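A.B. asks: Got a predicted structure here, sequence first:
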Amino acid sequence: MARLKTAVLISGRGSNLQALIDACAEASFPAEIVAVISNRPGVGGLGRAAAAGIPAIVVDHRAYASRADFETALDTALHESGAQIICSAGFMRILTADFVERWRDRCLNIHPSLLPAFPGLDTHARALAAGVRFAGCTVHFVRAEVDAGPIIVQAAVPVLPGDDEAALAARVLAEEHRIYPLALKMVAEGRVRVADGQVLIDGAAAPIGALINPAPENTT
């Protein structure tokens, strides 16, 4: 079976990128990473790509006079890599509606909250301030609205007494590393489609137990 050619967009250290690299290193995994593209030079994720033998490309947004010019260059790099799908992994640029539409249902993103709660930045601080009992992360198809789009996979973690932003972020990040490869795997296997704005997995709405599965926590 042909493996789904995947490009990963990054802006920083690339911890979710590493989770995808590790998953794709398995010969049985149905996707392969053909390019890692950063809008910022010199970031840690580029080193991760190089260490794995994956082409590491910089499309520096500061080198372009407009967002449209930057996205044209980004789109060119994606097509030259042969990418069939995009995984945005800490890519800190808002994509225009035109770009998103060109890659509609072929662009995934991971966000450190249980969307639609807490889109945007400072998710963990906002979750703690709101007093929620569970936080988590979401993999979804990208739409023009920030952190919106059909949800593929979510994972929840408990908010524990005494949590600060760093503690909660670390707990959520561990789940991000688990569910992003899972989401890409299901998409690459052809098990995921979007109907009426919602994701169907294997032709049906996914049961909640399959999507939210917090890891065991020792609360004693």
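C.D. replies: Thanks, I have it.

A.B. asks: For burial, what's the neighbour tally of residue 77?
C.D. replies: Using other CB atoms under 10 Å, residue 77 has 18 neighbouring residues. Bear in mind the C-beta positions are built from the backbone N, C-alpha and C, glycine included.

A.B. asks: For it, give me phi and psi.
C.D. replies: With angles defined as degrees, to the nearest 10, residue 77 sits at phi -60, psi -40.

A.B. asks: I'd assumed residue 57 was in contact with it.
C.D. replies: Yes - using CB atoms under 8 Å, residue 77 is in contact with residue 57, at 5.4 Å.

A.B. asks: Please identify every residue contacting each of the two.
C.D. replies: Shared contacts of residue 77 and residue 57, defined by CB atoms under 8 Å, 6 or more residues apart in numbering, comprise 35, 37.

A.B. asks: pLDDT weak spots in this protein?
C.D. replies: Counting by pLDDT under 70, the chain has low-confidence residues at 1, 206-220.

A.B. asks: max-length helix in it?
C.D. replies: When the chain is parsed with DSSP state H, its longest helix is helix 165-188.

A.B. asks: Okay, strands next: where are they in this protein?
C.D. replies: For the chain, the strands defined by DSSP state E cover 4-10, 31-38, 56-58, 85-88, 107-111, 134-141, 151-158, 192-195, 198-201.

A.B. asks: Output the contacting helices and strands for the shortest one.
C.D. replies: Spelled out, that is strand 56-58. strand 31-38, helix 44-51 (3 or more CB pairs under 8 Å, 6 or more residues apart in numbering; DSSP states H and E).

A.B. asks: now for the first one, which elements pack on it?
C.D. replies: Here strand 31-38 touches strand 4-10, helix 15-24, helix 44-51, strand 56-58, helix 67-81, helix 165-188, going by 3+ CB pairs under 8 Å, 6+ apart.

A.B. asks: Is it possible to get TSV of those that adds distance to residue 105?
C.D. replies: Output for these, formatted as TSV (distance: least, CB to CB, whole Å):
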stretch	distance to residue 105
strand 4-10	13
helix 15-24	19
helix 44-51	25
strand 56-58	23
helix 67-81	15
helix 165-188	9
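
A.B. asks: Between the ones you listed, which one is closest to residue 122.
C.D. replies: helix 165-188 (8.5 Å; CB to CB).

A.B. asks: Now that closest one: buried residues?
C.D. replies: 168-169, 171-173, 175-188 (16 or more other CB atoms under 10 Å).

A.B. asks: quick check: domain ranges of this protein?
C.D. replies: Following automatic domain parsing, the chain resolves into domains at 1-103, 110-220.

A.B. asks: quick one on the thing from earlier: I'd like the strands of the chain as a markdown table, with distance to residue 94 and mean neighbour count appended.
C.D. replies: Listed next are those as a markdown table, based on distance: least, CB to CB, whole Å; neighbours: other CB atoms under 10 Å:
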| stretch | distance to residue 94 | mean neighbour count |
| --- | --- | --- |
| strand 4-10 | 12 | 25 |
| strand 31-38 | 16 | 23 |
| strand 56-58 | 19 | 17 |
| strand 85-88 | 11 | 22 |
| strand 107-111 | 11 | 24 |
| strand 134-141 | 15 | 24 |
| strand 151-158 | 19 | 22 |
| strand 192-195 | 21 | 15 |
| strand 198-201 | 22 | 16 |
